[in-house]
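In: Got a sequence here, can you model it:
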Amino acid sequence: MTQDRSKRPINRLQSMYPLRALVDQTYLSSLTAQSQGKPVVWSMLDNGYGSPFFNAMDIESVYPENYGTMCAAEGVASTFLERAETEGFPSHLCGYARNCIGYTARMVELGKIPPEAPAGGMPKPILLLSSGYLCDARFKWFQALGHYLDAPVWTLELPNSGQRESLMPGTYKDEVQFLVRELREFAAFLERLLGKKMDWDKFEEDINNTIDMDRIWYEVNELRKARPCPMHSRDFWSSMLPSIFRSADPKAAGDLYRKMYHEVKERVDNHIAGINREERYRLTFVGLPPWHSLGFFDQLAERGWNFVTEVAYHPPRPIDLSKVSDPIERLVRYRHQGLAHMIDYEFGVEEGARVKEEIMHTGYSYKLDTKHVMDFQCDGAFMHPLLTCRATTAPQRLLEVLMMEEWKVPSLVIEGDIVDTKLFDPISAMQKAEAFEETMDHYRKIRREMGLGW
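Out: Predicted coordinates for the structure are as follows:
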């Protein structure tokens, strides 16, 4: 099997397109639900905790963060960003939040979904599910929506201990108990809100199907360690949504991920790359993508750049939960995996013990956060710092230093934004990328001299 070099620079997977179509179906389903008088929820990215409850209660859910990516990709985000600024929200606030606030303000003003809204838009919700997970804006963003929407806000608080704290005796048990208790309260709240009981059999089935779906998705991404890498980050970003933003039926999505696995495996067996050019450089992407300028990666693919892995958006590692009978606890243990388990999975018990000792002594392990660079044999890291997202930007300088010190892998820093096109300069970015090739070539020689293996 050979590649047609006349095709577009990125060799897109055919199995990606049905997965991408599930996203559009999500918004169509929410619009249909509202027209039939059924409940619709707006949910933040919540580490997968809300979706099983929504599916068990027949609630349609949409994710404003995902909708921000769609608005950016369709070129309509600027309208909503400008509206948010006229409403008094600063330009350095999260682009997803500003896009959502501007969209909501315009929807309320018009009395209907704005006509320029892509995928039919987001219908008015009966509930806003916010979260304390990761980002700065989080629950304050959804509280601000209360100025425009008459809908209750429920906030899921998710523990996020540091590395040393996570390994202290009793921490993981306490966090699991906290989350189980919180999710039981959330279930009771939904029952009161809707005046109906939770379908716990459907809830458990959803969790089991989700775990199976994510296992296959995890295995797909493990195949990307091959040389040449069979799947570019563009296909990852287009395919991750059924797993990350859990609106679609996990069983149906799992079937589509199986088809993707077979297509990617076939590429591995036949040495077919995720780009239709020679794979000259393998890169990891650090941060959130410039959704408005994904065509930039086609230009890099023309030069032989293959993006083989990403720091954000990957599914949890596989874990055996067959002995956990309580479905809520099974959900919690799947989503909130203990750091000790993660280290043992990544390094094995013997090397894992040394990593844990390092964490308890220093409070941090560079090996844990940079091992993917070695596993995927990356020549460079594409850092994408964002003015509007401190949470994903703050760690990048540390990762840049650690990847260079330990693996001699250099970083290209390209400032931009997830939604706002004004903060991304593609001409300057390409000039930096061209110069960065010499840097990657230099450190490739250094790694080989050091015996690092790639």
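
In: now the chain, which segments are flagged as low pLDDT?
Out: Under the criterion pLDDT under 70, the flagged ranges of the chain are 1-6, 247.

In: got the buried residues for stretch 330-348?
Out: Going by neighbour count (16 or more other C-beta atoms under 10 Å), the buried part of stretch 330-348 is 330-336, 338-340, 342-344, 346-347. In this view, the C-beta of every residue, glycine as well, is placed from N, C-alpha and C.

In: now do the same end-to-end measure for that stretch.
Out: End-to-end span of stretch 330-348 (C-alpha to C-alpha, to the nearest Å): 24 Å.

In: Report the buried residues of the helix or strand hosting residue 140.
Out: Element membership for residue 140 (DSSP states H and E) is helix 138-145. Going by neighbour count (16+ other C-beta under 10 Å), the buried part of helix 138-145 is 138-139, 141-142, 144-145.

In: could you dump those residues to a markdown table with distance to residue 106?
Out: Formatted as a markdown table, the buried residues of helix 138-145 follow (distance: C-beta to C-beta, whole Å):
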| residue | distance to residue 106 |
| --- | --- |
| 138 | 23 |
| 139 | 23 |
| 141 | 17 |
| 142 | 18 |
| 144 | 15 |
| 145 | 13 |
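
In: that older thread, tell me which of the buried residues of stretch 330-348 fall in helices.
Out: Within the buried residues of stretch 330-348, residues falling in helices by DSSP state H are 330-335, 339-340, 342-344, 346-347.

In: from those, which is closest to residue 99?
Out: The nearest member of those to residue 99, counting by C-beta to C-beta, is residue 335 at 26.3 Å.

In: Do I have it right that that closest one meets residue 46?
Out: No. In this structure, residue 335 is not within contact of residue 46 by C-beta atoms under 8 Å, at 9.2 Å.

In: And the furthest pair within the ones in helices among the buried residues of stretch 330-348?
Out: Using C-beta to C-beta, these reach their maximum pairwise distance at 331 and 347, which is 26.3 Å.

In: any idea how far the closest residue to residue 242 other than its chain neighbours lies from residue 213?
Out: Excluding its sequence neighbours, the residue lying closest to residue 242 (C-beta to C-beta, 6 or more residues apart in numbering) is residue 253, at 3.8 Å. Separation of residue 253 from residue 213 (C-beta to C-beta, to the nearest Å): 5 Å.

In: and for the two, which residues touch both?
Out: 242-243 (C-beta atoms under 8 Å, 6 or more residues apart in numbering).

In: so what's residue 40 up against?
Out: 30, 33-34, 59-62, 123-126.

In: for it, phi and psi?
Out: The phi/psi pair for residue 40 (degrees, to the nearest 10) reads phi -130, psi 140.

In: now it: how far from residue 122?
Out: Taking C-beta to C-beta, one finds residue 40 at 8 Å from residue 122.

In: got any residues that touch both of those two?
Out: What both residue 40 and residue 122 touch, as defined by C-beta under 8 Å, 6+ apart, is the set 30, 62.

In: Report the separation between the residue nearest the centre of the chain and residue 410.
Out: When C-alpha atoms, centre = their mean is applied to the chain, the residue found nearest the centroid is residue 313 (2.4 Å). Applying C-beta to C-beta, the value for residue 313 to residue 410 is 23 Å.

In: ditto for residue 215
Out: From residue 215 to residue 410 the distance is 34 Å (C-beta to C-beta).

In: what do you get for residue 40?
Out: Distance from residue 40 to residue 410, by C-beta to C-beta: 46 Å.

In: cool, residue 135 as well?
Out: Distance, residue 135 to residue 410, using C-beta to C-beta: 28 Å.

In: mind listing which of the contacts of residue 40 are in strands?
Out: 60-62 (DSSP state E).

In: picking that back up, touching the strand or helix carrying the residue nearest to residue 242 from outside, list them.
Out: Under the criterion of DSSP H and E, residue 253 resides in helix 250-269. Residues from elsewhere that reach helix 250-269 (C-beta under 8 Å, 6+ apart): 1, 13-16, 18-19, 22, 206, 209-210, 212-213, 216-217, 219-220, 223-224, 226, 230-231, 239, 242-243, 272-274.

In: Are any of the residues you listed buried, and if so which?
Out: 13, 15-16, 18-19, 22, 206, 209-210, 212-213, 216-217, 219-220, 223-224, 226, 230-231, 239, 242-243, 272-274.

In: Could you report the neighbour count for residue 292?
Out: By other C-beta atoms under 10 Å, the residues close to residue 292 number 25.

In: In contact with the closest residue to it other than its chain neighbours, which residues?
Out: Of all residues beyond its chain neighbours, the one nearest residue 292 is residue 72 (4.2 Å), with distances taken as C-beta to C-beta, 6+ apart. Taking C-beta under 8 Å, 6+ apart, we find residue 72 in contact with 95, 99, 291-292, 418-419, 421.

In: again, 6 Å this time
Out: By C-beta atoms under 6 Å, 6 or more residues apart in numbering, the residues touching residue 72 are 291-292, 419.

In: Against residue 85, how distant is residue 403?
Out: With the distance defined as C-beta to C-beta, residue 403 ends up 36 Å from residue 85.

In: neighbour count winner among the two?
Out: Between residue 403 and residue 85, counted using other C-beta under 10 Å, residue 403 has the larger neighbour count: 25 against 15.

In: Might one say that the more buried one is in contact with residue 412?
Out: No. Using C-beta atoms under 6 Å, residue 403 is not in contact with residue 412; the gap is 11.6 Å.

In: where does residue 385 fall, phi/psi-wise?
Out: Per degrees, to the nearest 10, the backbone of residue 385 is at phi -70, psi 140.

In: Residue 146 versus that one, what's the distance?
Out: Residue 385 is 31 Å from residue 146, by C-beta to C-beta.

In: likewise residue 329?
Out: 32 Å.

In: same deal with residue 373?
Out: Taken as C-beta to C-beta, the span from residue 373 to residue 146 is 43 Å.

In: Could you do residue 450 as well?
Out: 56 Å.

In: Same question for residue 207.
Out: Residue 207 is 31 Å from residue 146, by C-beta to C-beta.

In: So for the two, which residue has more residues nearby?
Out: Set side by side, residue 207 and residue 146 give different neighbour counts by other C-beta under 10 Å, the larger being at residue 207 (23 against 12).

In: picking that back up, so what's the residue count around the residue nearest to residue 242?
Out: As a burial measure, residue 253 scores 25 neighbours (other C-beta under 10 Å).

In: What segments of this structure are strands?
Out: 40-43, 60-62, 127-131, 153-156, 281-287, 305-310, 380-384, 411-413.

In: so can I have JSON lines of those strands showing distance to residue 435?
Out: Shown next, in JSON lines, are the strands of the chain (distance: least, C-beta to C-beta, whole Å):
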{"stretch": "strand 40-43", "distance to residue 435": "42"}
{"stretch": "strand 60-62", "distance to residue 435": "42"}
{"stretch": "strand 127-131", "distance to residue 435": "40"}
{"stretch": "strand 153-156", "distance to residue 435": "44"}
{"stretch": "strand 281-287", "distance to residue 435": "13"}
{"stretch": "strand 305-310", "distance to residue 435": "13"}
{"stretch": "strand 380-384", "distance to residue 435": "12"}
{"stretch": "strand 411-413", "distance to residue 435": "9"}
